[in-house]
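Student: heads up, no residue letters with this:
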Ligand code: F0G
């Protein structure tokens with residue numbers, strides 16, 4: 001087989017700025033050791049997120065010029081709506097400016113004290129939007145997904161036994177919906193199998209519960225199903241995605257991921273009354289139902305991006321470039337979640353820095369070292385992002401301490417990936433000299449965005 005190449009040529013380039021390790025040290029100190037607070041100009045390779053960081057295609061930029069900016073009934077809305085309907089088969093398509101806006105609307109209507117929302121693993125904004133209403137967000141990741149070292153095909157699957165026990169315990173009446181996040185971002189970008197989606201639907205049906213999909217990375221999930229699940233190898237990614245959505249009653253989507261756009265999202269529903277309530281709230285908070293907080297040109301770019309993302313040459317290159325990075329890290333002994341997920345490499349910080357305990361934030365320490373060493377920006381997904389305090393003030397850590405290096409779509413080439421590899425291996429070499437951190441400032445919610453740290 002020949003080398004898998006980037007399935008595009010580059011028409012427009014954006015220079016990146018080189019800095020010295022000394023400059024980066026000062027930048028890091030000024031940012032309170034939190035890469036979210038660093039100016040993007042000071043970053044060489046930005047792997048903070050794969051969200052909103054995609055390079056758009058010439059076709060999408062052309063679509064931007066064709067965007068219809070009518071307040072109501074924009075042609076671009078109808079283009080967007082028909083693509084989303086084609087992929088999801090869902091009836092009511094509500095555009096929002098990004099994923100969390102869809103979540104905010106959905107959970108404001110369905111949430112509230114005494115309500116429970118199970119998921120394989122809630123992403124942080126999903127959890128925050130649920131908890132903001134006074135409801136509870138509950139994770140039921142399959143046991144295998146909790147072990148970074150175990151290689152398995154579908155580590156994003158939900159634990160159906162635990163889910164059923166939970167439904168019985170809390171009562172179906174208190175569970176407005178069950179959610180599946182595909183791929184499972186917080187659990188390592190791991191895919192959910194079609195089998196698991198189908199069985200989750202069966203279980204939901206048994207208890208009369210709607211199933212929702214958090215669809216941010218639906219195309220990557222569909223591609224994994226094609227490659228790994230028996231019976232899907234000959235199917236198109238589109239038809240696999242259609243089958244995934246056929247089991248759900250609604251979906252939230254941040255199109256900033258698999259929509260290949262810089263901004264946009266949607267809420268898609270089958271329930272007419274719920275759609276009506278959501279649209280009413282949308283009008284108050286986002287905008288008229290045919291633009292939902294977006295410009296017509298954004299809707300046009302999303303309509304095109306949602307089609308382009310299903311191209312199998314694109315998905316092959318996408319999944320392979322992440323896998324390539326993962327393979328080389330594993331070969332060098334760097335502990336990562338295996339196999340690599342779709343959009344990111346997750347370093348297992350507990351193993352990488354086994355001498356730094358969770359309450360000293362080993363992930364944050366690696367994040368800082370990657371930046372200082374090579375200008376690479378990554379993000380901690382562990383005790384900083386998900387840590388909570390017990391009554392006595394001690395930290396309750398999540399099961400995993402991870403560092404995520406999310407790969408923007410269509411932005412970096414193979415040589416960027418090779419450079420990245422060199423930086424990670426450098427840090428790995430001097431890992432024993434790295435220490436822990438303490439938090440000097442934190443906000444009451446989503447603290448990782450604005451927290452400040454100091455080395456211990
Ligand atoms: N759900 C999942 C699984 C996500 O990964 C995200 C965003 C959202 C919902 C919210 O979407 O950002 O458009 O409001 N994840 C980004 C990330 C921020 O870096 O993983 P949003």
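Tutor: Sure thing, it's come through. Just so we're clear, the structure is a prediction, and the values are computed from it rather than from any experiment.
Student: residue in the chain nearest to the ligand?
Tutor: Sorted by distance to the ligand under CB to the nearest ligand atom, the residues of the chain start with residue 99, at 2.5 Å. In this view, the C-beta of every residue, glycine as well, is placed from N, C-alpha and C.
Student: quick check: that residue vs residue 152, distance?
Tutor: 27 Å (CB to CB, to the nearest Å).
Student: would you state the strands of the stretch 351-456 of the chain in chain order?
Tutor: For the stretch 351-456 of the chain, the strands defined by DSSP state E, counting those that start in this stretch cover 376-377, 379-381, 388-389, 395-396, 402-406, 437-441, 452-455.
Student: and the third one, what other elements does it pack with?
Tutor: Counting contacts by 3 or more CB pairs under 8 Å, 6 or more residues apart in numbering; DSSP states H and E, strand 388-389 is packed against strand 395-396.
Student: give the contact list for residue 140.
Tutor: Applying CB atoms under 8 Å, 6 or more residues apart in numbering to residue 140 gives the contacts 118-120, 158-159, 162-163, 166.
Student: how about the residues of the protein near the ligand?
Tutor: Contact residues, the chain versus the ligand (CB under 6 Å from any ligand atom): 49, 51, 98-100, 123, 125-126, 181, 185, 214, 216, 254, 256, 265, 406.
Student: in helices, which of these appear?
Tutor: 99-100, 125-126 (DSSP state H).
Student: most centrally placed residue in the protein?
Tutor: Residue closest to the mean C-alpha point of the chain, counted by CA atoms, centre = their mean, is residue 185 at 4.4 Å.
Student: give me the nearest residue to that one, chain neighbours excluded.
Tutor: Once flanking residues are discounted, residue 185 sits nearest to residue 123: 5.2 Å by CB to CB, 6 or more residues apart in numbering.
Student: the one you found touches residue 214, doesn't it?
Tutor: Yes: shown here, residue 123 and residue 214 form a contact pair, counting by CB atoms under 8 Å, at 6.8 Å.
Student: these two - which one has more neighbours?
Tutor: Counted by other CB atoms under 10 Å, residue 123 and residue 214 do not tie: residue 214 has more neighbours, with 27 against 23.
Student: with residue 221 as the reference, measure out to the more buried one.
Tutor: Distance of residue 214 to residue 221, given as CB to CB: 11 Å.
Student: mutual contacts of these two, please.
Tutor: Common neighbours of residue 214 and residue 221 (criterion: CB under 8 Å, 6+ apart): residue 182.
Student: can you list the domain ranges for this structure.
Tutor: 21-50+311-455, 58-308 (automatic domain parsing).
Student: what sits against the closest residue to residue 343 other than its chain neighbours?
Tutor: Take residue 343 and drop its neighbours on the chain: the residue closest to it by CB to CB, 6+ apart is residue 50, 4.6 Å away. Applying CB under 8 Å, 6+ apart, we find residue 50 in contact with 257, 343-344, 406-409.
Student: number of residues surrounding the residue of the chain closest to the ligand?
Tutor: 27.
Student: I'd say it and residue 256 touch.
Tutor: Yes: between residue 99 and residue 256 there is a contact under CB under 8 Å: 7.1 Å.
Student: identify the residues contacting stretch 281-295?
Tutor: With contacts defined as CB under 8 Å, 6+ apart, stretch 281-295 is touched by 67, 69, 71-74, 77, 94-97, 101, 104-105, 108-109, 263-264, 266, 279, 299, 302.
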